[in-house]
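Novice: Give me coordinates for this.
(one chain, ligands or ions: 1)
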Amino acid sequence: MKNRLQQAGMQLEEVRDLDDLERVPVMKKPELIAAQRQHLPFGGLCGLNPEELHRIYISPGPIYEPGEAVGHDYRWAQALYAHGFRRGDIAQVTFNFNMVPVGFWLDEALRQLGCICVPAGVGNTELQLQIMRELRVTAYLGTPSFLATIADRAEEIGLDLKRDLQLEVAFVAAEVLTESLRGNLEERFGMMVRQSYGTADVGCLGFECGAKAGMHLPDDAIVEIVDPKSGRPGCPNEPGEVVATVFDRAYPLIRFGTGDLSLVTEDPCACGRTSPRLVRILGRVDQAAKVKGLFIHPNQVDDVSKRIAELGNCQVVVTRQANQDRMVFRAEVVTSGFDPGELADRVGRMVQEIFRLKSEVDLLPPSSIAVGAKKIDDQRKWD
Ligand SMILES: [Zn+2]
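Specialist: Residues are numbered from 1 along each chain as shown. Now for the predicted structure:
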C-alpha cells in the first residue's frame, strides 16, 4: 500500500478522511493478481500474521484470499437480517464450499444470527429437495436459477411447494434476479426472495431490504461509484465502477475496483434504513460477462481455439431462456475429414475446463463468424 501511494505521489500520513481517500489510486483485479504473483501468496496485502489466519480461500486465477481465525465481519449478517432471516431459521446453503469463500462467509453470518446452517453445496437437485423437506428448511441461500430448478423438480414429482415445503425466506446472489423471476418464485413458494451483492475479494457490498428498492450499502465498508478511467467519484444516480474499501483485518483492501458497473441512490427508503443503495448492477466495466454466476472473459474464447488444432475463429453467444443463462460456443472448423460428434465432444470438454461452465457447441464452416464480431455476444435482455 505504501509503495502504491508513493507511486501516486502521496504519503500514507496524508490519508486522513474520505476526501483524501478519493485520491488513492483504485486497485484493479489484474494489479492484485500481479502483486500476488510477485509476492506469493497474498501480494503483501494480508493484514495479519500467519498464526492469526484460519483459512486461505482460492478464487479463479488462482487468487489467494486470507481468512482470519475470529470473524469480525458482520456485513453478510446485516444482509441476511434485511432479507428476513431470524434466529432459529434452518438455512440450506447451496453455494459452493470448495475453495471459494462465499459458503464459509454465509455459514459464519448464519451463526452470528443464531440460524442453523445446512451446508448442502451446489447441485444434486433431488437430494437438495429431500433435505429441504425432511429438515423442514425455512431459508434458502443460492442462485435464483437453482431455486427455480428446485421448484420445477418438486412440482414434477407432485409436491405442493407451499404445503410440502416450509421455505419462508431466500438469499439469492451471483446472478441477475429479474423482477419476473422474483415474482414467480415468491408466488410459487409463498416466500420472500431478496438479493445481495458482493465479491470474493471484498465480501458483501449491498443487500435488499423488505422494500426491494435497491441494495443498501453495509455499515462497515466504504463503497464508492467512480469513473472507471479517472478513479474519481461521480454523482449519485450516475453509473460508474463499484469501488470498495473494507476493514477486514486479514484482507483490508483499500479502493478495490470490482469491475462491476452500478449506480447509487440516496433517496429515503421505506424500510427506514438511512444508508444509500446500489440501484442495480448494470454489468461489467470491461467486456467480461457473468454467466450462471461465473465471469467469462473474451480471452477464454481464444484459449479454447488455441488448444484445439481444428478450430479457427470462435465466439460465445449468451442468451436467456426460461430464466436460465444459455451459453453456446460457436467454433469455425478449419480442417476437413473430422468426426463432428467427436470434435464437438472434445470442444465441449475444453470449454468446460476453461470456463468452468457447461456449454452447447455449434461447429461451423470457415468464415461463418463475421469479421470483428464480439468474442462474447451477450444477447440477454433484463427487465
Ligand atoms: Zn430499505
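Novice: Return the residues of the stretch 151-300 of the chain in contact with the ion.
Specialist: 209, 211, 269, 271, 273 (CB under 5 Å from the ion). All C-beta spots, glycine's among them, are computed from the backbone N, C-alpha and C.
Novice: ok, now how distant is the third one from Glu208?
Specialist: When CB to CB, to the nearest Å is applied, the distance between Cys269 and Glu208 equals 10 Å.
Novice: Which one of these two is surrounded by more residues?
Specialist: Glu208 (26 against 18; other CB atoms under 10 Å).
Novice: unless I'm mixing things up, the more buried one is touching Arg194, no?
Specialist: Yes - in this structure, Glu208 is within contact of Arg194 by CB atoms under 8 Å, at 4.3 Å.
Novice: what residues are shared contacts of those two?
Specialist: The contact sets of Glu208 and Arg194 overlap at 82-83 (CB atoms under 8 Å, 6 or more residues apart in numbering).
Novice: can you give me the helices for the protein?
Specialist: Ranges of helices in the chain, per DSSP state H, are 2-7, 18-21, 29-38, 75-82, 102-113, 125-134, 144-156, 161-164, 179-189, 298-307, 340-355.
Novice: among these, which is nearest Cys204?
Specialist: helix 75-82 (3.8 Å; CB to CB).
Novice: about what we covered before: among the residues of the stretch 151-300 of the chain next to the ion, which pair sits farthest apart?
Specialist: Taking CB to CB, no two of these sit farther apart than Ala211 and Arg273, at 8.9 Å.
Novice: Neighbour count for those two, which is higher?
Specialist: Neighbour count, other CB under 10 Å: between Ala211 and Arg273, Arg273 has more, with 18 against 14.
Novice: tell me the phi and psi of that one?
Specialist: phi -70, psi 140 (degrees, to the nearest 10).
Novice: With adjacent residues omitted, what lies nearest to it?
Specialist: In space, and not counting its chain neighbours, Arg273 is closest to His216: 5.3 Å by CB to CB, 6 or more residues apart in numbering.
Novice: Wait, that neighbour touches Cys204, no?
Specialist: No - using CB under 8 Å, His216 makes no contact with Cys204, being 10.4 Å away.
Novice: Which one's more surrounded, the two?
Specialist: The residue with more neighbours, out of His216 and Cys204, is Cys204; 29 against 23, by other CB under 10 Å.
Novice: show me what contacts that one?
Specialist: Cys204 touches 73, 75-76, 78-79, 105, 196-198, 218, 221, counting by CB under 8 Å, 6+ apart.
Novice: beta partners for it?
Specialist: With DSSP bridges as the criterion, Cys204 is bridged to Gly198.
Novice: Val316 reaches Ser359, doesn't it?
Specialist: Yes - using CB under 8 Å, Val316 is in contact with Ser359, at 7.4 Å.
Novice: Domains in this protein, by residue range?
Specialist: Annotated domains of the chain cover 29-289, 291-378 [automatic domain parsing].
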